[in-house]
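>>> Curious how this folds, go ahead:
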Amino acid sequence: MNGWSIGVPVAVAFVTAFGAYLASVRRLSGKIGTSEASDLWEESADIRKDYRAQLLMEQQRTAKLEQRVDKLEDLNNLLTLDNRDLRTQLNECQRALARVSP
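Reported below is the predicted structural model:
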């Protein structure tokens, strides 16, 4: 009986410890540190949502800037044509002045 009196409590302690280990593994499953996986998933979803919103804002900004550049290029082309016409007129005026001046 001496063998049983020592073996049973050791076996019970071992089974209890193993049971506690299994319970804690199951309870802590899906946790990283102190956060649960669902919390981390929600946080990462929020981060992705924020990045999508920022990307959309940058795409809209880029589209507006491209429109502005297009308008400015059109204006630049018109001013270049006007400048060329004014240079032509200036050259004609200078030639006429040169013919009139002694």
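
>>> only C-alpha atoms for contact and neighbour calcs from this point on.
Will do.

>>> State the distance from residue 19 to residue 71.
Applying Cα to Cα, to the nearest Å, one obtains 74 Å for the distance of residue 19 from residue 71.

>>> now the helix or strand hosting residue 44, how far from the chain's geometric center?
Assigned by DSSP states H and E, residue 44 falls within helix 37-100. Using Cα atoms, centre = their mean, to the nearest Å, the distance from the centre of helix 37-100 to the centre of the chain it belongs to is 24 Å.

>>> Quick one: mean pLDDT over it.
Helix 37-100 shows an average pLDDT of 95 in the prediction.

>>> Next, count neighbours for residue 75.
12 (other Cα atoms under 10 Å).

>>> tell me the domain boundaries of this protein?
Taking automatic domain parsing as the domain assignment, the record places the domains of the chain at 1-32, 38-102.

>>> Point to the residue nearest the middle of this protein.
Compute the mean C-alpha point of the chain, and by Cα atoms, centre = their mean the closest residue is residue 51, 4.1 Å away.

>>> Report the separation between it and residue 22.
Noted for residue 51: a distance of 40 Å to residue 22, by Cα to Cα.

>>> What of residue 11?
In this structure, residue 11 and residue 22 are 16 Å apart, going by Cα to Cα.

>>> cool, residue 49 as well?
In this structure, residue 49 lies at 37 Å from residue 22, with Cα to Cα as the measure.

>>> Residue 55 now?
When distances are taken as Cα to Cα, residue 55 and residue 22 turn out to be 45 Å apart.

>>> now swap in residue 58 and tell me
Where residue 22 is concerned, residue 58 sits at a distance of 50 Å (Cα to Cα).

>>> what helices or strands is the helix holding residue 44 leaning on?
Using 3 or more Cα pairs under 8 Å, 6 or more residues apart in numbering; DSSP states H and E as the contact definition, helix 37-100 packs against no other helix or strand.

>>> and if we set it to 10 Å?
With contacts taken as 3 or more Cα pairs under 10 Å, 6 or more residues apart in numbering; DSSP states H and E, helix 37-100 sits against strand 31-32.

>>> Would you mind checking the average pLDDT for the strand it packs on?
Mean pLDDT, strand 31-32: 55.
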